[in-house]
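Chemist: no sequence on hand, only this structure:
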């Protein structure tokens, strides 16, 4: 039977992207749960919550990750994404795509269409990472962070100071949604190695 005769149906390009992220990590174990926390501004949080929480509910269902958002009484909120690594990637893919849509819509309102198209503005996420894991993320002489930048094309910066009243540091990543998702993949690899 010829290989081409199997009916293969892909819903969309997003499914193709999701399939490529489903590859297991080195040291991955579906029973291992990782937690990645982010600091977000109110308007960013609003775009992923949606009306009556419908968007975040869909993200939880599609990714299988737990996504919790701190209460809205302060200008910055903490978004916690917890789950096995593949669920974390799916959640970040969805979050990044949403930010891309939101910033593209905002950009369309701000400018008249220019010939040749405007490049997509980069997405920026601020992760909160325990200071104890930052050394592994940076690597000896900055080797690991340099490798992550080169492989993913994302910009990644680890704050030198701890966050106020905390033992954690901010790690800022920015780039296209694909670059950020790949960056999260590498950060998860580091977290899995540190756990062992």
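Modeler: Received it, and whenever you're ready, just let me know what you need. All values derive from a computational prediction rather than experimental measurement. Numbers count the residues shown, from 1 in each chain.
Chemist: list the buried residues of stretch 86-104.
Modeler: For stretch 86-104, burial by neighbour count (16 or more other Cβ atoms under 10 Å) applies to 86-100, 102-103. The C-beta positions use only the backbone N, C-alpha and C, and glycine is treated the same way.
Chemist: residue 158 against residue 173, yeah?
Modeler: No - taking Cβ atoms under 8 Å as the contact criterion, residue 158 and residue 173 are not neighbours in contact, 10.0 Å apart.
Chemist: which residues do those two both contact?
Modeler: When contacts are counted by Cβ atoms under 8 Å, 6 or more residues apart in numbering, residue 158 and residue 173 have no shared neighbour.
Chemist: packing partners of the longest helix along the chain?
Modeler: Here the longest helix in the chain is taken by residue count, with DSSP state H as the criterion, and it is helix 85-110. Applying 3 or more Cβ pairs under 8 Å, 6 or more residues apart in numbering; DSSP states H and E, one finds that helix 85-110 contacts helix 13-21, strand 34-41, helix 42-49, helix 54-63, strand 76-83, strand 123-130, helix 177-195.
Chemist: does residue 161 count as helix, strand or coil?
Modeler: Reducing the assignment at residue 161 to three states with DSSP: H, G, I helix; E, B strand; the rest coil gives coil.
Chemist: which residues does the nearest residue to residue 76 once chain neighbours are set aside bridge with?
Modeler: The shortest distance from residue 76 to any residue that is not its chain neighbour, by Cβ to Cβ, 6 or more residues apart in numbering, is 5.3 Å, and that residue is residue 39. Residue 39 forms beta bridges with residue 78, residue 126, as assigned by DSSP bridges.
Chemist: count the neighbours of residue 39 for me.
Modeler: Residue crowding around residue 39 was assessed by other Cβ atoms under 10 Å; the count is 18.
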